[in-house]
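Q: Got a predicted structure here, sequence first:
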Amino acid sequence: LETDEVIHTISSVRQNPSNPIPQATSGPSRLCPPPNLSHFSVLTLRPQTFSSTAPEAETSEFSDSCCSSMPFPVVDGDYLKEIDKARRDLRALIAYKNCAPIMLRLAWHDAGTYDKSTRTGGPNGSIRNDEELAHGANSGLKIALGFCEEVKAKHPKITYADLFQLAGVVAVEVTGGPTIDFVPGRKDSKVSPKEGRLPDAKQVCMFVVILGSNSTFSGATVC
């Protein structure tokens, strides 16, 4: 997903009265037809069954329903303290480097590969693998990985999976978005998904526009 394309699409809709934003309605079809984002939103970052102390996983396992009742991962107090410290370091880094767009893009591209049928992909840190980083859609993200490595060096206990999603959360906050509750506990994976898993960028752009038109949407909701 190219951040500039999202901004351009939203701006175009806002500036063209003859092309109004679709109005959301109640019920399951209010975002119909939505892109396949059932397991990730930059503003809804809840891992499902991960433990911060578990070994690297070969696959990522999620609940079949993003917003249904699901257990929180178990992480210890020391890990939570590291998350808080990393959050502060990310805030300083993103503000200083002025790199919020690319950090948000990194978080999305790591998470947006989830495949419900195989329960693989998703926010598991695999985008750091050379194979996945070489995917065409991930062009330029090596810069964001380098920024994250600076924070990882200070907080080695934190998984890459958590770090990348935390970077996305902080990027939203630094640019004036809401303060987002972050739930850590994702496991890292060395297995990369096949290329082509990310939803079409134009679908994602419209999804963001529709969310913006829905007065009931709360950006701080943790799904």
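A: Arrived safely. Numbering: from 1, shown residues only.

Q: next helix or strand past the helix or strand of the chain with the lowest mean pLDDT?
A: Across the helices and strands of the chain, mean confidence by mean pLDDT, DSSP states H and E is lowest for helix 3-15: a mean of 46. Next helix or strand after helix 3-15 toward the C-terminus (DSSP states H and E): helix 77-97.

Q: From the contact counts, what lies against that next one?
A: Using 3 or more C-beta pairs under 8 Å, 6 or more residues apart in numbering; DSSP states H and E as the contact test, the elements touching helix 77-97 are helix 100-111, helix 142-154, helix 160-174. C-beta here means a position set from N, CA and C on the backbone, and glycine is covered the same way.

Q: Enumerate the positions of the second one that are buried.
A: In other words, helix 142-154. Buried residues in helix 142-154, counted by 16 or more other C-beta atoms under 10 Å: 144, 145, 147, 148, 151, 152.

Q: which one among those gets closest to residue 195?
A: Distance to residue 195 across the buried residues of helix 142-154 (C-beta to C-beta) is lowest for residue 145, with 17.6 Å.

Q: what's near enough to touch the closest one?
A: With contact taken as C-beta atoms under 8 Å, 6 or more residues apart in numbering, residue 145 is in contact with 106, 127, 128, 133.

Q: Could you rerun that using 10 Å?
A: Counting by C-beta atoms under 10 Å, 6 or more residues apart in numbering, residue 145 touches 102, 106, 110, 127, 128, 133, 138, 152, 160, 164.

Q: which of the residues you listed has the most neighbours?
A: residue 110 (31 neighbours; other C-beta atoms under 10 Å).

Q: Distance of that one relative to residue 194?
A: Using C-beta to C-beta, to the nearest Å, one obtains 15 Å as the distance from residue 110 to residue 194.

Q: can you check residue 94 too?
A: Counting by C-beta to C-beta, the gap from residue 94 to residue 194 is 31 Å.
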